[in-house]
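Trainee: heads up, no residue letters with this:
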C-alpha cells in the first residue's frame, strides 16, 4: 500500500510549468485537487495521470515526464490532501477515476490520450477505473498492485500491520506513525478494537473485520474477475520481495488469457528482485545483494512504454518478448514469453521424517521420492506464543530475504531440507504446497515457507503462504473442520524466480502461525476478529503413502 513515486530525475525547471491545486469536479459535485506539470511550450500533449492517497507534495517524477513531452497530472484522491470529500479506501475510486480521466482528456493542454500510472494503492485504483471503461484511457502502468479481497490475506481478516496504514491515511494529511507502539498494538485482542489500542477510531478497519469472508460487501473492489472489461494495454511491474507481489503476475497472465483479444499481445511484465518500493530498484535487501544488474533506469523504462502507447512511437517495444524477469541466485535478467513458462517442469518435493521434523535440528527431509510408511510430525500451536514472521510491525514492507535460522529453532516449526544441490537448479513460477494435516481444533492455520539454505547455513526466505482451515474450500464458503480428521490443504505460496546454486539446499518450513504478518488463529472456531479467548491446537502433519505432502516447484531446465 506504499508510495508510488518513480524516481529522482527532476528534469529542467525551465521547460516545465506547474499549476498547483487545480480543482476537478466529480459527478457528485465533490472537487478533487490536482497539480499539473506540463511542458512550457504551448501545445497539446498526452497526459499521465497519477491518483494518490499519499498526498502529492513529495513527488519527484512529474518533472521528468513533463520535460519529455507529457502533461503529468498528480491528484489527491477523495478525502486526502487538498481534495474535498471523505476518504473511504477504494470504494469511490472507480467512478472518480473515470471522471478524472475524462477531465484530463478534455483539458486545453491535452491531446485526448490519457495514461494512468502509479503503484500500490495507485495501482489498484487504475484497475477499478479501467473497469468503468473510460474511452480516453489509452495506457496503464500498474506497479505493485494489490489483488482482489482475500487473495493476499486468506485469513478473512486484514493483515495486522496494515492497521498502521489505516492510521496513516485517516485524515486529509498523513498522520504520525512514529507516535504509536505498533509492536504492542499487534498483540492486542480482539482485532476488531486494535484501532482503540492504536489510539484512533478507524471505521474502515472495523468494516473489514465485520465482513470476514467474501460476500457482497467486497464486490465493488474486485477487478481480477473482469479482465475482459479492461480496454488498455498494461505495463505490469513488481518485485519478488514485494509484499503484494501475487497480484502482478496474476494480472499479466489474466490479461493475456482473458483480456480483450486485441490487447492480449499488448501486455508487458517486469519483475525485479525488489521490495514493495520497486521504484527505488535497490541492489541489496537486508543481507542479500542482488548485484548491479538489479538497479535499472526505472523512469526510462516507463517512458519508453508511454512513448509507444501514448505517442505511437515505433521504438521496437512490441517486437520484444512480453516478460523481463530477474532470476535471483544467478542475479541475471531473462526475457520470457509467458507466465508460467511453457518449458516448466513441475516437480514434487515430498516431506519426509521419522516423526521428528521439529526445528532445523530435527530429522525432516525434502526429497523427490514419494513417502511410504512414515509417522506424522507433531507440534503444539499456541496462539499466545506464535511462531514469528520476521518483519517490522508496520505496513511499509512486510518481510524480505531474511535469515530464518533463529525461528527454525522452535519446536512448533517443522523443517524439511534437501541434500545440497550438485548442480544449479532454477525454480521460476508459482509455488504451491499440498499438505495433509490433522488438528485438535475446529479451526486453525497452516503456513508454509520456501527457503534457500546457503552453504554457511544462512536460511534465506524466498516466499511463503498460508491457509485458514475454515476457508479451505474458498473464501466465500467458510466451514469448520472436524477435530482429529485428516484434511488435504492447498497453500498458495505466491511466486518466485530463483536459482538454487550448487552447494545450496532447498528447504520448506511448516507451522501454524506467521505473526505478525497474519493474525493469530485462536483455534476456537468462533467468529473471526472478535474474540479474546485462545486454545492450544495439537497439530499433525502427515506424509505417508496415502497422505503425501509435497511442495510443487516450477523447475526451469537448463538451456
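Mentor: Cool, the structure landed. The structure presented is a predicted model; accordingly, all values stated were derived computationally and were not measured.
Trainee: right, and residue 113 touches residue 105 too?
Mentor: Yes: with contact defined as Cβ atoms under 8 Å, residue 113 counts as touching residue 105 (7.3 Å). C-beta coordinates here come from the backbone N, C-alpha and C atoms, glycine included.
Trainee: give the residues shared as contacts by the two.
Mentor: The contact sets of residue 113 and residue 105 overlap at 47, 136 (Cβ atoms under 8 Å, 6 or more residues apart in numbering).
Trainee: which non-adjacent residue is nearest residue 160?
Mentor: Residue nearest to residue 160 in three dimensions, not counting chain neighbours: residue 516, with 4.8 Å by Cβ to Cβ, 6 or more residues apart in numbering.
Trainee: and the longest helix for this structure?
Mentor: helix 93-106 (DSSP state H).
Trainee: list the contacts for the residue nearest to residue 160?
Mentor: So residue 516 contacts 160-161, 186, 389, 391, 393 (Cβ under 8 Å, 6+ apart).
Trainee: can you check residue 530 too?
Mentor: 190-192, 209.
Trainee: quick one, phi psi at it?
Mentor: The phi/psi pair for residue 530 (degrees, to the nearest 10) reads phi -120, psi -10.
Trainee: now residue 328: closest residue in space, sequence neighbours ignored.
Mentor: Closest to residue 328 by Cβ to Cβ, 6+ apart is residue 498, at 4.4 Å.
Trainee: my guess is the one you found contacts residue 428. True?
Mentor: Yes: between residue 498 and residue 428 there is a contact at 7.3 Å, judged by Cβ under 8 Å.
Trainee: can you list residues touching both of these two?
Mentor: In terms of Cβ under 8 Å, 6+ apart, residue 498 and residue 428 are both contacted by the residues residue 327.
Trainee: of the contacts of residue 516, which is the nearest to residue 180?
Mentor: Closest approach to residue 180 among the contacts of residue 516 (Cβ to Cβ): residue 393, at 9.5 Å.
Trainee: thought that closest one was touching residue 180?
Mentor: No: counting by Cβ under 8 Å, residue 393 stays clear of residue 180, with 9.5 Å between them.
Trainee: what about the residue most central in space within the chain, which SS state?
Mentor: In the chain, the C-alpha closest to the average C-alpha coordinate belongs to residue 244, at a distance of 0.8 Å (Cα atoms, centre = their mean). Following DSSP: H, G, I helix; E, B strand; the rest coil, the label given to residue 244 is coil.
Trainee: still on that earlier bit, what comes up buried for the longest helix of the chain?
Mentor: Across helix 93-106, burial judged by 16 or more other Cβ atoms under 10 Å covers 93-105.
Trainee: which pLDDT does the model give residue 60?
Mentor: Note on residue 60: pLDDT of 82.
Trainee: next: residue 241.
Mentor: For residue 241, the predicted pLDDT is 98.
Trainee: and the gap between it and residue 79?
Mentor: Separation of residue 241 from residue 79 (Cβ to Cβ, to the nearest Å): 31 Å.
Trainee: neighbour count for those two, which is higher?
Mentor: Set residue 241 next to residue 79 and count neighbours by other Cβ atoms under 10 Å: residue 241 wins out with 28 against 20.
Trainee: quick one: the helices in the stretch 101-250 of the chain?
Mentor: 121-131, 163-168, 182-186, 194-198, 203-210, 247-258 (DSSP state H, counting those that start in this stretch).
Trainee: for these, which one sits closest to residue 23?
Mentor: Nearest to residue 23 among the helices of the stretch 101-250 of the chain is helix 121-131; the distance by Cβ to Cβ comes to 19.3 Å.
Trainee: so what does the closest one touch, helix or strand wise?
Mentor: For helix 121-131, the elements it packs on are strand 45-52, helix 93-106, strand 110-119, strand 137-143, judged by 3 or more Cβ pairs under 8 Å, 6 or more residues apart in numbering; DSSP states H and E.
Trainee: just checking: what are the partner strands of the third one?
Mentor: Right, strand 110-119. In the sheet, strand 110-119 lines up against strand 45-52 (parallel), strand 137-143 (parallel) (DSSP bridges).
Trainee: make TSV out of those and add mean neighbour count and distance to residue 479.
Mentor: Below are those laid out as TSV (neighbours: other Cβ atoms under 10 Å; distance: least, Cβ to Cβ, whole Å):
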stretch	mean neighbour count	distance to residue 479
strand 45-52	26	39
strand 137-143	25	34
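Trainee: how about a markdown table for the ones you listed, with mean pLDDT and distance to residue 301 added?
Mentor: Listed next are these as a markdown table, based on pLDDT from 0 to 100; distance: least, Cβ to Cβ, whole Å:
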| stretch | mean pLDDT | distance to residue 301 |
| --- | --- | --- |
| strand 45-52 | 98 | 14 |
| strand 137-143 | 98 | 9 |
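Trainee: mind putting the ones you listed in CSV, distance to residue 362 included?
Mentor: Formatted as CSV, these follow (distance: least, Cβ to Cβ, whole Å):
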stretch, distance to residue 362
strand 45-52, 48
strand 137-143, 41
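Trainee: so which of these comes closest to residue 128?
Mentor: Judged by Cβ to Cβ, the one of the strands paired with strand 110-119 that comes nearest to residue 128 is strand 45-52, at 10.1 Å.
Trainee: just the angle between that closest one and helix 121-131, please?
Mentor: For strand 45-52 against helix 121-131, the angle by axes from the mean of the first three to the mean of the last three Cα atoms, to 10 degrees is 120 degrees.
Trainee: summarise which helices and strands the following helix or strand past strand 45-52 is packed against.
Mentor: Using DSSP states H and E, the next helix or strand after strand 45-52 towards the C-terminus is helix 61-66. Helices and strands touching helix 61-66, by 3+ Cβ pairs under 8 Å, 6+ apart, are strand 31-39, strand 71-76, helix 298-309.
Trainee: quick one, which of those is packed in tightest?
Mentor: Highest mean neighbour count among the helices and strands packed on helix 61-66 (mean count of other Cβ atoms under 10 Å): strand 71-76, with a mean of 26.
Trainee: run through who's touching it.
Mentor: Contacts of strand 71-76 (Cβ under 8 Å, 6+ apart): 24, 32-39, 45-53, 55-56, 59, 61-63, 65-66, 82-83, 100, 104, 107, 109-110.
Trainee: cutoff 7 Å now
Mentor: 32-38, 45, 47-52, 55-56, 59, 62, 65-66, 82-83, 100, 104, 109-110 (Cβ atoms under 7 Å, 6 or more residues apart in numbering).
Trainee: got it, and stretch 217-227?
Mentor: Counting contacts by Cβ under 7 Å, 6+ apart, the residues outside stretch 217-227 that touch it are 90-91, 127-128, 131, 147-149, 211, 250-251, 254-255, 258-259.
Trainee: and the nearest residue to residue 505 once chain neighbours are set aside, what's its pLDDT?
Mentor: Excluding the flanking residues, the one nearest residue 505 by Cβ to Cβ, 6+ apart is residue 453, at 4.2 Å. We have a pLDDT of 98 for residue 453.
Trainee: give me the distance between residue 453 and residue 348.
Mentor: Residue 453 is 19 Å from residue 348, by Cβ to Cβ.
Trainee: same deal with residue 257?
Mentor: 25 Å.
Trainee: check residue 222 too.
Mentor: Distance of residue 222 to residue 348, given as Cβ to Cβ: 32 Å.
Trainee: from residue 319, how far out is the closest residue to residue 317 other than its chain neighbours?
Mentor: Distances taken as Cβ to Cβ, 6+ apart put residue 308 closest to residue 317, at 4.6 Å, once the chain neighbours are dropped. Using Cβ to Cβ, one obtains 11 Å as the distance from residue 308 to residue 319.
Trainee: ok, residue 345 next?
Mentor: In terms of Cβ to Cβ, residue 345 sits 29 Å off from residue 319.
Trainee: before we move on, what about residue 454?
Mentor: From residue 454 over to residue 319 (counting by Cβ to Cβ), the distance is 39 Å.
Trainee: please apply the same query to residue 349.
Mentor: The gap separating residue 349 from residue 319 is 38 Å, by Cβ to Cβ.
Trainee: looking at the two, which is more packed in?
Mentor: residue 349 (22 against 7).
Trainee: which helix or strand contains that one?
Mentor: Per DSSP H and E: strand 345-352 holds residue 349.
Trainee: many thanks, we can stop here.
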